[in-house]
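[1] Fold the following and give me the result.
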Amino acid sequence: MKHEAMKILFLTIIGALTTIKASAQTAANPCPCCAAEFRQFDFWVGNWETYQPDGKLAGRNLIVFVQDSCVIQENWTSAAPGYTGTSYNFYNPQTGKWHQTWVDNQGGSLLLSGNLEKENMVLWSDVMKDQKGTPYRNRITWTPNADGAVRQYWEITKDDGKTWTGIFDGLYKKVPTK
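    Purely as a prediction, here's the structure:
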């Protein structure tokens, strides 16, 4: 019994010290993701309808802050039934880059990293291989427009950046709040 009582006392002390340490860290840095670099992609947050260049609805995208606004979570639903995906976007001060991890309900995934270039967020993938084994690289650019819309332009290169082919061009328009 003595051993059990000492164990409970020890765990109580450890818990109290952990709480004190967490409180001190919060007081010292009440907003760990408030620096300007963490806010560079905020223009993409919102409830959007996404349109193709021909005006046809491509899908809907709800983009929200999570983890005390340290992460931007994307929640995509295609206009064509059956396709959804989620991405997590965050600034990493250790790398000095933005990172995106995309996963979808078809087993697909995509890892991107990059930075704000002027007003555009530009993220790249490492070299990947298509179904035929041909290497390629992705580049996705998000551009905030003066009217509040955001353009997402996705390109691939198969010749190390000499030429680029667009594979998605979406215009994000905010869904009016009711």
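
[2] And the closest residue to residue 46 other than its chain neighbours, how close does it get to residue 93?
    Leaving aside its sequence neighbours, residue 46 sits nearest to residue 174 (CB to CB, 6 or more residues apart in numbering; 5.2 Å). Where C-beta positions appear, they are placed from N, C-alpha and C, glycine not excepted. Residue 174 is 30 Å from residue 93, where distance means CB to CB, to the nearest Å.

[3] Then residue 83?
    Applying CB to CB to residue 83 and residue 93 gives a distance of 34 Å.

[4] neighbour-wise, which of these two wins?
    residue 83 (14 against 11; other CB atoms under 10 Å).

[5] need the contact list for that one.
    Residue 83 is in contact with 59, 77, 104, 105, 106, counting by CB atoms under 8 Å, 6 or more residues apart in numbering.

[6] and if we set it to 7 Å?
    104, 105, 106 (CB atoms under 7 Å, 6 or more residues apart in numbering).

[7] The lowest-mean-pLDDT helix or strand in the chain: what's the following helix or strand?
    Least confident helix or strand of the chain, by mean pLDDT, DSSP states H and E, is helix 2-28 with a mean of 51. Moving toward the C-terminus from helix 2-28, the next helix or strand (DSSP states H and E) is strand 46-51.

[8] where does the protein have low pLDDT?
    Scanning the chain for pLDDT under 70 picks out 1-29.

[9] mind giving me the domain split of it?
    1-30, 36-174 (automatic domain parsing).

[10] Buried deepest among the ones you listed, which one?
    domain 36-174 (a mean of 15; mean count of other CB atoms under 10 Å).

[11] so what's the spatially most central residue of the chain closest to, chain neighbours aside?
    Central residue of the chain (CA atoms, centre = their mean): residue 89, 1.9 Å from the mean position. With CB to CB, 6+ apart as the criterion, residue 89 has its nearest non-adjacent residue at 4.2 Å, and that residue is residue 72.

[12] name the element that neighbour belongs to?
    Going by DSSP H and E, residue 72 is part of strand 71-78.

[13] ditto for residue 90
    strand 84-92.

[14] Please give the centre-to-centre distance between that strand and its chain.
    Relative to its chain's centre, strand 84-92 lies at 3 Å (CA atoms, centre = their mean, to the nearest Å).

[15] what packs against that strand?
    strand 71-78, strand 97-104 (3 or more CB pairs under 7 Å, 6 or more residues apart in numbering; DSSP states H and E).

[16] mind redoing it with 10 Å?
    Using 3 or more CB pairs under 10 Å, 6 or more residues apart in numbering; DSSP states H and E, the elements in contact with strand 84-92 are strand 57-66, strand 71-78, strand 97-104, strand 109-117.
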